[in-house]
Each structure stands twice: as structure tokens, then as C-alpha cells.
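**Student:** Attaching a predicted model along with its sequence, questions to come.
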Amino acid sequence: MGDLKEEKIIEEEKKMEKMEDLIDQYELKQLKRNEIVEGKVIKIGQSDVIVDIGYKQEGFIPIEECYNYKGEIPFSEGSLVKAVVKKISSKEIVLSKKEADEILGWQKVERSFRTGETILAPVIKKIKRGYLVNMGVDLFLPESQVDTKPVTNPKEIIGKEFRFKVIKLDERNKSGVVSRRSLLIEEMKEKKDKLFSSLKVGDEVEATVTKIKKAGALVELKSSLTAFVPKSEISWGYLPDIRKKLKIGKTYKFKVLEVDKSRERIILSYKAFQEDPWKLAPKKYKIGTKIRGTVIGFKQGYAIVELEEGVNARLRGEDVYWGKRIKSLDAIFEIGDRVIGKVIDMIPEKRIIYIGIKQLEPSPWEKFISQYKEGDIVEVKVKKLADSGVIVNIIPEIDGFIRKGDLDWGYVEHPSEVVKEGDTLKALILSIEEETGRILLGVKQLEGDKWSEFFSKYKEHDLIKTKVKKILDNFVVVELEGGLEGIIRKGEIANKKFEEISEVLSIGDEKEAMIKSIDRENRKIILSYKKAEREKMKKEMEQLRKVGAPDQKTTIGDLIKKEIMKKND
């Protein structure tokens, strides 16, 4: 009996084994080659990764298929992985993770291309004209599609994950092109729209300087939005070089001045955070204030002198030396030179201050009027001859004028008759006009007033001795006593007819003339030879009447006729 029971037990066990074999064979038959299955990593070995795929037997993935582009296994024991069934047998099931990654990756790529959804994937390698991006399959990322700005250093992106958009596919060759730039542009547009909607004039923002131009600086806001800072909004004062205030790559705080969404333009101000120094400038730099400054630039006609940051002054060429204008100030000053001067003018509404160096000392005019007065005798040097007189230098930078009528008591047709350039003379200061700065002098006045003596001695119709000094076209100048001069017009020279004065007169001729008119104010004497002759004839006739006629046959008319003929001879 015991043996029988033992045989039955053995028989039952064999039946169970057969049943299990049948079940195993059935289950193995459910797996299909090239099918993707998911399993749990049981063990990571040296040559294989063992995966529980839910069947009696485990699956084996060759270890070389498990490394990523970094040479690392991106999963650990207990992780779930997907793989393609490559071989099924009673002894083993061989799986391929690489093939599953490629199949699933391509499906994901196709879906992305159709729907436009983005894929997070790593940049794994630099190749010619671009990079490789792994999405289960390797796709091409052109250099132009990496960023909105050129990437100069590939190390900045290799090994990093970014979101990409599939922009081109080649189904046959299982290849394609991806772009990150298009996503960034979309993001930037969204951020721009959001920022433009929220940004308003007066807001304070932080931005990084990206580029410096002659007219100002370009800056980038945190939203990658570009704004412009005009040069005039960087500093309150003259700024020859923007780089002295703003550095490329540095972040600063700015104030919004203008937002124009239609033109995508934002204007910012850097100086808005600094108090305008010109608020105090009119009180601080009153006219007459002594200042110290630094030469920071040159413009046509003046140098720019910085008095303090934001307050600059102009030093013009005529305000450096008394009596001398400097055409090119950069010939005597250099950038960085320190100057001391005085505020001479200010136009607050135009933010202009004029300073002078020469004004630190008394002007030559102030020196002159403190030393000289009307009636003083000075030594002068003839600088220039003019038709109406001569310009003379009295002291350095101070000139005076001597009218030709004040050079000599006699008639002076042109100053060159009396003086020449370079002559040194003694002259009397006749008048000083402080308002106009005009000084009149005289030379003849040093000899005393001969005219007063003449006027007290002679009157109109008196006869006086003359000497012909000059013969001109329409009159002659005659010398009177004391060196004075008078004028006899052509019509007053002779009773007989003549064409040229030289026909009846010569220089040096001495004749008696009658004073026709006296202009005391202008010191002018007009004489007449004709009237003098008539006066003499008149006196002779009267004398004849007194003496009586020597011959009764001779009449008075005969005597007059004879006298006239004698004079004409």
C-alpha cells in the first residue's frame, strides 16, 4: 500500500510539471519579437541589465545599450525601462533598449512636428554648422537656431537640456531639424507683450548694458526686451565718452521715460535718479564768483570746463587774455588741465555758464582810468594812419585817437603829412569816454591855443599877410602868422580869368588877403585875395581924391583904368 501511494504522488508531480511546462510555453508564445515591453530593472550587471518584464523569465538588455551620451547609465535598480523584444527562447529573452528609445523617440518627434508641442532634450555633440540633439533619435540643430544671439562657445550648451521645436522631418531617413531660437522668439514676444502692457512712464527698471553707440546705450531688460538710453539721459553734464558712466555687461537701474508699443520702443533715463545739479547752480555760481574747474573738451570757439559733475562752463577764446583772442583753445589747453577763473555770465534756462581767466585781473581800461585823466600829457606810439586821423597806443591794450585837425595848428589834408607809423609823440588827453572806451588826444594843444590869440587880434574883413602853402584843385592853403592856416577858394584868388590856380599862384607866393569869415568853433578861416585887392584899390582911390588930379585933362576914371592895367601887367 505504501509503495502504491508513493507511486501516485510521483505521478501527480510529473503531471504538475507538464502543466507548468504547458503554461510556460503558452506565456512565451504571448511575447512577440519587435514588441515594446516595459519592465523593472532587477540587476545591473557587468555585461547585462536584468529586467522583470512580468513573465516567468527575465529579460536581458546588453549593457552597452544602456549608456547615454555622457557614458552614464541613466537608471538604477528598481527603475522602469522600456525595451524591444529581440529574441525569445526557453532559456532567455533578449531585449534592446536602444531600439525602443529610437522607436518611441521618433514617435514623439512625429507628434511634435504635427502638433507643434515642444520636446525637452539634451544637446549632445558639436558637428559641422550645428549640433546634435538626442530625442531617442539624433536630430540636427543648426547654429542659427540655437539662440537669438550667436553662440560663440559650444561648451555653453553641450550637455544641457533645452526645449526644442521640430521644424523639419525626413521620414525616409528618420532625420530632422529642430529649433530653440523659434521658441525663444515666441517666449520673448509673449514677455514683450506682457511687459509693454504693464510698463508705464515713471517705472523703475533694471537693465543690462549690451551696446554703446555715439547717440546713447542699448540695454536689455530682464524680459530680453531692448531699450534705449539717449546720451542726454545718461549724465546731466557734458559727456564725451558714455563708457565713463555705463559699462557693457553691467546692470543698472533706470527710469522709464517713454513706452511706444506700436514701435516697440522704450526710452530710459539713467540720470533721473540723480538730482539735477543745475537746481543749485544759479545760486552757487553767481556772476563774479571765483571758480576752479577741469578742461574736459573743446568746441568751436570755446573750451568746456567742468565745475562739478553735471555743471559745465564755457571758456571762450576772448576771455583768456586781455586784448588777445585765442582762435584754437586746444593749442594752449589740454584735456585734464585745471583752470582758475571767474563767472562772467550765465543763462540758466539754457544751462550755460561763461567763465573768464583774464577777468581775475583788472582790465587794461580799469588800469588806464585809475592812472590817467583828461588834461594829462602822455607819450604815445603811432599804430595806424587813417584818412581822418591816427590811432595811437597809450599803454598795452589801450589805444587812443588823434584827429588830423589835432595834429597841427595848420591845415592837414592827410596825417601822413605830419606823422608816420611807429613815431613816438607826446599828446594831451582831450577826452575820456568811459561808456564807449574812446580816448581822444591832441598834439597841437601842447603848443598852447594859438587860435585864441588869433581871434583876439583879428576879425572879419581885416587884411592879413599870407604865404601860399598848398595848391589844390579848388582852393589853396595859405599860412598865417603863428603857423596857422587858412583857405582861399578858387573864386576868391584873382579878378582876372584863369583855368588852373597855378597860372596865377605858386607855392611860396606871399600876398595880402582879406579875412572873409571866421569859424571860431571849428577853428576855420576863409580868406579872399580878390577882396584884398579891391580893398587896396579902394584905399588908393581915396588917396588920389585927397591928393587931387595932377593934370586937369586926366579924369579919375583914367586913373582907375591905369591902375588896373598896371596890376594886370
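**Tutor:** In hand now; what should we look at? Numbers count the residues shown, from 1 in each chain.
**Student:** mean confidence for stretch 205-221?
**Tutor:** The average pLDDT within stretch 205-221 is 92.
**Student:** cool, and stretch 144-157?
**Tutor:** Mean pLDDT, stretch 144-157: 88.
**Student:** Restrict stretch 336-343 to CA atoms and write it as CSV.
**Tutor:** What follows is stretch 336-343, C-alpha atoms only, in CSV (Å, rounded to 0.1, in the frame of the first residue of the first chain):
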residue,chain,number,x,y,z
GLY,A,336,42.5,117.4,-17.8
ASP,A,337,44.1,120.9,-17.3
ARG,A,338,42.9,122.6,-14.2
VAL,A,339,41.9,126.3,-14.6
ILE,A,340,41.0,129.1,-12.3
GLY,A,341,38.6,131.7,-13.5
LYS,A,342,35.6,133.9,-12.7
VAL,A,343,32.0,133.6,-13.7
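**Student:** Could you list the buried residues of that stretch?
**Tutor:** Within stretch 336-343, the residues that qualify as buried are V339, G341, K342, V343, counting by 16 or more other CB atoms under 10 Å. No exception for glycine: its C-beta is placed from N, CA and C like everyone else's.
**Student:** Spit out the contact partners of Y131.
**Tutor:** Residues in contact with Y131, defined by CB atoms under 8 Å, 6 or more residues apart in numbering, are V123, I124, K125, F140, L141, E143, V146, P154, I157, I158.
**Student:** Let's see that with 6 Å instead.
**Tutor:** By CB atoms under 6 Å, 6 or more residues apart in numbering, Y131 lies in contact with V123, L141.
**Student:** quick one on the thing from earlier: nearest to E435, of the buried residues of stretch 336-343?
**Tutor:** Nearest to E435 out of the buried residues of stretch 336-343 is K342 (CB to CB; 22.7 Å).
**Student:** Disregarding flanking residues, what is the spatial nearest neighbour of that closest one?
**Tutor:** Q359 (4.5 Å; CB to CB, 6 or more residues apart in numbering).
**Student:** looking at this, that neighbour is in a helix?
**Tutor:** Yes: Q359: assigned to a helix according to DSSP: H, G, I helix; E, B strand; the rest coil.
**Student:** how much space is there between it and I369?
**Tutor:** Using CB to CB, to the nearest Å, Q359 is found at 17 Å from I369.
**Student:** Check what pLDDT E117 gets.
**Tutor:** As predicted, E117 sits at a pLDDT of 89.
**Student:** Excluding chain neighbours, what is closest to it?
**Tutor:** Of all residues not flanking E117 in the chain, R111 sits nearest, at 7.0 Å (CB to CB, 6+ apart).
**Student:** now G389
**Tutor:** Spatial nearest neighbour of G389, excluding adjacent residues (CB to CB, 6+ apart): R403 at 4.3 Å.
**Student:** Count the residues that sit near that neighbour.
**Tutor:** The burial count assigned to R403 is 16, neighbours taken as other CB atoms under 10 Å.
**Student:** Do I have it right that it meets I391?
**Tutor:** No: taking contacts as CB atoms under 6 Å, R403 lies outside contact range of I391: 11.1 Å.
**Student:** so what sits against both of those two?
**Tutor:** Shared contacts of R403 and I391, counting by CB under 6 Å, 6+ apart, come down to nothing at all.
**Student:** Checking my notes, K108 in a strand, right?
**Tutor:** No: with three-state DSSP as the criterion, K108 is helix rather than part of a strand.
**Student:** Start the count at 59 instead of 1 going forward.
**Tutor:** Fine by me, first position is 59 from now on; the one you just mentioned is K166.
**Student:** Next one: it from E511, what distance?
**Tutor:** With distances taken as CB to CB, K166 is found 129 Å from E511.
**Student:** Count the neighbours of the closest residue to N126 other than its chain neighbours for me.
**Tutor:** Of all residues beyond its chain neighbours, the one nearest N126 is P132 (5.0 Å), with distances taken as CB to CB, 6+ apart. Residues lying near P132 (other CB under 10 Å) number 11.
**Student:** Now do the contacts for R350.
**Tutor:** Listed by CB under 6 Å, 6+ apart, the contact partners of R350 are I398.
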